[in-house]
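Peer 1: sequence and predicted structure below; questions after.
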Amino acid sequence: MVNLSDLKQPRVYQDALAEGLEQGRQQEGLTLITRLLGRKFGELPLELRSPLAQLTLAQLELPTLCSTFHR
């Protein structure tokens, strides 16, 4: 829902804010997945952490994540 304060903000600001929020969600998802995998399997080696860091937020979701690593 759009409110009056949203309409007062320039489009560039709105786009930058949306991008920042998306990046924050992606980082939070990565942190969560890394922590859960670390609890299950111990410290993750760099060769596993690097590919995880490249995944998008959608790819970090469990069904997608499982299919990504079971190719």
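Peer 2: Yep, it's here. Keep in mind it's a predicted model, so treat the numbers as computed, not measured.

Peer 1: tell me where this structure has helices.
Peer 2: Ranges of helices in the chain, per DSSP state H, are 4-8, 11-41, 46-53, 57-60, 62-69.

Peer 1: go through those helices and pick out the most buried.
Peer 2: helix 57-60 (a mean of 15; mean count of other C-beta atoms under 10 Å). The way it works is simple: take the backbone N, C-alpha and C, and place the C-beta from them, glycine included.

Peer 1: which helices and strands does it pack with?
Peer 2: Helix 57-60 sits against helix 11-41, helix 62-69, with contacts defined as 3 or more C-beta pairs under 8 Å, 6 or more residues apart in numbering; DSSP states H and E.

Peer 1: how much space separates the residue nearest to the spatial centre of the chain from Leu46?
Peer 2: The centroid of the chain falls nearest to Gln26 when counting by C-alpha atoms, centre = their mean (1.4 Å). As judged by C-beta to C-beta, to the nearest Å, Gln26 and Leu46 stand 20 Å apart.
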